[in-house]
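Peer 1: just a sequence and a predicted model for now, questions to come.
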Amino acid sequence: MEQQTPQKKESGWWVLWMFLGLFSVFLSVDAYFVYMALSTHTGLVVENAYEVGLNYNEIIEKAEELNKTKDSHE
């Protein structure tokens, strides 16, 4: 007579653990991206960007005048 080894009853717990593991990986990566976005360069070049944008044409005119005077001195 042969002995039968008891078969292990399979359960679906591994599916839950895989799902939670994958979810935790995504959560970790998203948290890292949020941290990097908030802690790095803000992208602002000047503090009062709105006011500078309103005066943009004047800034261009002044730069053109400076170029004209620079060209005349050379």
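Peer 2: Perfect, thanks for sending it.
Peer 1: list the contacts of the strand or helix carrying residue 64.
Peer 2: Assigned by DSSP states H and E, residue 64 falls within helix 56-73. Residues from elsewhere that reach helix 56-73 (C-beta atoms under 8 Å, 6 or more residues apart in numbering): residue 52. (Each C-beta comes from the backbone N, C-alpha and C, glycine too.)
Peer 1: where does this protein dip in pLDDT?
Peer 2: Low-confidence segments of the chain, defined by pLDDT under 70: 1-2, 73-74.
Peer 1: report all helices and strands that the longest helix along it contacts.
Peer 2: Ranked by residue count and defined by DSSP state H, the top helix of the chain is helix 13-39. Packed against helix 13-39 by the contact rule (3 or more C-beta pairs under 8 Å, 6 or more residues apart in numbering; DSSP states H and E) you find no helix or strand.
Peer 1: let's have the chain start at 432 instead
Peer 2: Will do, 432 is the new start, and the previous item becomes helix 444-470.
Peer 1: chain center to it, what's the gap?
Peer 2: Computed by C-alpha atoms, centre = their mean, to the nearest Å, the chain-centroid distance of helix 444-470 equals 15 Å.
Peer 1: right, and the helix or strand after that helix?
Peer 2: Per DSSP H and E, the first helix or strand lying C-terminal to helix 444-470 is helix 480-485.
Peer 1: kindly export that following helix (C-alpha atoms) in PDB.
Peer 2: The C-alpha trace of helix 480-485 is given here as PDB (Å, rounded to 0.1, in the frame of the first residue of the first chain):
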ATOM      1  CA  ALA A 480       6.000  87.100 -13.000                       C
ATOM      2  CA  TYR A 481       2.500  88.600 -13.600                       C
ATOM      3  CA  GLU A 482       3.700  92.200 -13.500                       C
ATOM      4  CA  VAL A 483       6.700  91.400 -15.600                       C
ATOM      5  CA  GLY A 484       4.400  89.800 -18.100                       C
ATOM      6  CA  LEU A 485       2.300  92.900 -18.300                       C
END
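Peer 1: domains of this structure?
Peer 2: Per automatic domain parsing, the structural domains of the chain span 443-472, 474-505.
Peer 1: with distance to residue 437 and mean neighbour count added, can I get those in CSV?
Peer 2: Formatted as CSV, the domains of the chain follow (distance: least, C-beta to C-beta, whole Å; neighbours: other C-beta atoms under 10 Å):
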stretch, distance to residue 437, mean neighbour count
domain 443-472, 19, 9
domain 474-505, 64, 9
